[in-house]
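# Got a predicted structure here, sequence first:
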Amino acid sequence: MKVPLLDLRPPLEELRDEIVEAVTQVIDSTRYIMGPEIERLEKEIAEYCGTADAVGASSGTDALLLSLMVLDVGPGDIVLTSNFSFFATAGVVARLNATPFFVDIDPGTYNIDPKQLRITLAGMDEETRKRVKAIIPVHLYGQCADMAEIIDIAGEFDIPIIEDGAQAIGAECEINGKTRRAGSMGDFGCFSFFPTKNLGGVGDGGIVTVNKPELAELLRLKRVHGGERKYYHRVIGGNFRLDPIQATVIRVKLPRLYKWHKQRKKNADYYNKLFGEAGLGGKVRTPQIEHIQSLQNPHIYNQYVIRAERRDELQSFLTENEIAVAIYYPLPFHLQECFLHLGGKAGDFPVSEAAAREVLALPVYPGMSREMQETVVEKIAEFYQA
Ligand SMILES: *Cc1c(COP(=O)(O)O)cnc(C)c1O
């Protein structure tokens, strides 16, 4: 049985007529830049995430870049972030000629380790610490970072937080007994509508969630080249606008997001059961959930990632058997060629380096069959029995 990593067709088939109708309406309106669909989506996403406001953006990457620009991050500044994420998280910092400063991750969740974050900040001299303009925790694979701790640390050192929630829209955690959603805990929450995310468009798109009105205003200003009035520019911005065609598609999909999250969770639970029965403990470790299970979405499983012994051989074996799997991510930031000038060496971040060697993402998309999942686990068991 052939098993793809992701199949975007089942949700498309389900919503095809509504999506085509919505896109046709945007086309017929001749309103192709900004407009009412953007405003409606911004309201709906803010409500979904539990924030006062949201500002559409051209992509998840641009949502991060725009947030950093609102904080006036530039040359000489430092931004602390996880060492293990999609490249955009660190790339945006470097694009503003600021310095990304990496922090190792927690081995269970792959999210930034608050203990390491504290050690990093405590180890800086006063001058260096003053240059730290933001912390970007990533909610990797669909599970929130340890935000209670991160908020404490950021508060202590008075540093703004930009949540990279690109893989985690709707993911929840609990802070002081209250359920909070990704994007509502920091100063900015950045999301992506890239088609492979849990809430994906038919092209690129993104959004920033915010609570403070003054930050929302600056996001909107810098999204359109820093001009309130056309051709009069108060500050430097860029073209970071969300396309109304993407906005209208996301609006059709948003009411179904809960259902898709639930299907992913069901698939993840089934994998956990199958791996338990296969007795692969020691060879394969299933994802670790840190947040209380009674939450609606303690993990939204944008990726279901196992840690596997002899990972690369296992990947080749699965590929030969027509099971698509992926490695997110094979190289931590400090060892990326473009960041070597920052002085990173092998051994500097042992937890990220081990993760990069061992992680393997299995197909977990809504609509995949139980037989497919059984095939995946059977083949993995076969690999280790050989
Ligand atoms: C996808 C992703 C981004 C970037 O989003 P784009 O819309 O592709 O620009 C940023 N950070 C993380 C963690 C991501 O997974």
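Good, I have the coordinates.

# Would you check how far apart whichever residue of the stretch 51-200 of the chain sits closest to the ligand and His139 are?
For the stretch 51-200 of the chain and the ligand, the shortest gap (C-beta to the nearest ligand atom) falls at Gly60, measuring 2.4 Å. In short, each C-beta sits where N, CA and C put it, glycine included. Distance of Gly60 to His139, given as C-beta to C-beta, to the nearest Å: 12 Å.

# Counting neighbours, go ahead and name the busier of these two.
Neighbour count, other C-beta atoms under 10 Å: between Gly60 and His139, His139 has more, with 30 against 27.

# Now do the contacts for the more buried one.
111, 145, 163-165, 167-168, 171, 182 (C-beta atoms under 8 Å, 6 or more residues apart in numbering).

# Please list only the buried members of the residues you listed.
The neighbour count (16 or more other C-beta atoms under 10 Å) marks 111, 145, 163-165, 167-168, 171, 182 as buried among the contacts of His139.

# Out of those residues, list just those in strands.
163-164 (DSSP state E).

# Please list which of the buried ones among the contacts of His139 are also close to the ligand.
With the criterion set as C-beta under 6 Å from any ligand atom, the members of those near the ligand are 164, 167.

# burial measure for His341, as a count.
Per other C-beta under 10 Å, the neighbour tally for His341 reads 7.

# My assumption is that it lies in a strand; please confirm.
No: counting by DSSP: H, G, I helix; E, B strand; the rest coil, His341 is not found in a strand; it is helix.

# That one: what's it in contact with?
Contacts for His341 (C-beta under 8 Å, 6+ apart) come out as none.

# distance of it from the ligand?
From His341 over to the ligand the distance is 22 Å, taken as C-beta to the nearest ligand atom, to the nearest Å.

# Is it correct that Val93 is in contact with Thr81?
Yes: counting by C-beta atoms under 8 Å, Val93 does reach Thr81; the two are 7.1 Å apart.

# My understanding was that the residue of the stretch 51-200 of the chain closest to the ligand contacts Thr196; is that so?
No: counting by C-beta under 8 Å, Thr196 is not a contact partner of Gly60; they are 11.1 Å apart.

# one step back: which pLDDT value goes with the residue of the stretch 51-200 of the chain closest to the ligand?
Note for Gly60: predicted pLDDT of 98.

# quick one: common contacting residues for Val93 and Thr81?
Common neighbours of Val93 and Thr81, using C-beta under 8 Å, 6+ apart, are 100, 136.

# who's in contact with whichever strand or helix holds Ala361?
Assessed by DSSP states H and E, Ala361 sits inside strand 359-362. Counting contacts by C-beta under 8 Å, 6+ apart, the residues outside strand 359-362 that touch it are 5, 110, 141, 271, 303-308, 311, 314-315, 325-329, 376.

# roughly how far out does it sit from the chain middle?
16 Å (C-alpha atoms, centre = their mean, to the nearest Å).

# buried sites along that strand?
Under the neighbour-count criterion of 16+ other C-beta under 10 Å, strand 359-362 has 359-362 buried.

# coming back round to it: now list whatever residues contact both of Gly60 and His139.
Jointly contacting Gly60 and His139 under the rule C-beta under 8 Å, 6+ apart are Asp164.

# just to revisit the earlier point, same list (the buried ones among the contacts of His139) but as CSV, adding pLDDT and distance to Cys338.
Converted to CSV, the buried ones among the contacts of His139 look like this (pLDDT from 0 to 100; distance: C-beta to C-beta, whole Å):
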residue, pLDDT, distance to Cys338
Asn111, 98, 23
Ala145, 98, 24
Glu163, 98, 24
Asp164, 98, 19
Gly165, 98, 24
Gln167, 98, 22
Ala168, 98, 25
Ala171, 98, 29
Ala182, 98, 28
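
# give the contact list for Ala88.
Per C-beta under 8 Å, 6+ apart, neighbours of Ala88: 60-61, 64, 166.

# ranking those residues by neighbours, who comes first?
The most crowded member of the contacts of Ala88, judged by other C-beta under 10 Å, is Leu64 (32 neighbours).

# I'd like to know which elements whatever helix or strand Asp28 lives in is packed against.
Here Asp28 sits within helix 9-29, counting by DSSP H and E. Contacts defined by 3 or more C-beta pairs under 8 Å, 6 or more residues apart in numbering; DSSP states H and E place helix 9-29 against helix 244-253.

# ends of stretch 129-140, how far apart?
Criterion C-alpha to C-alpha, to the nearest Å; first-to-last residue distance in stretch 129-140 is 26 Å.

# Report the buried residues of stretch 209-222.
Those would be 209-211, 215-216, 218-222, for stretch 209-222 by 16+ other C-beta under 10 Å.

# how about those residues in CSV, adding distance to Ala54, secondary structure and pLDDT?
Output for those, formatted as CSV (distance: C-beta to C-beta, whole Å; DSSP: H, G, I helix; E, B strand; the rest coil; pLDDT from 0 to 100):
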residue, distance to Ala54, secondary structure, pLDDT
Thr209, 5, strand, 98
Val210, 7, strand, 98
Asn211, 10, coil, 98
Leu215, 11, helix, 98
Ala216, 8, helix, 98
Leu218, 14, helix, 97
Leu219, 9, helix, 98
Arg220, 11, helix, 97
Leu221, 15, helix, 96
Lys222, 15, helix, 97
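
# Closest to Leu254 out of those residues?
Taking C-beta to C-beta as the measure, Leu254 sits nearest to Thr209 out of these, at 13.6 Å.
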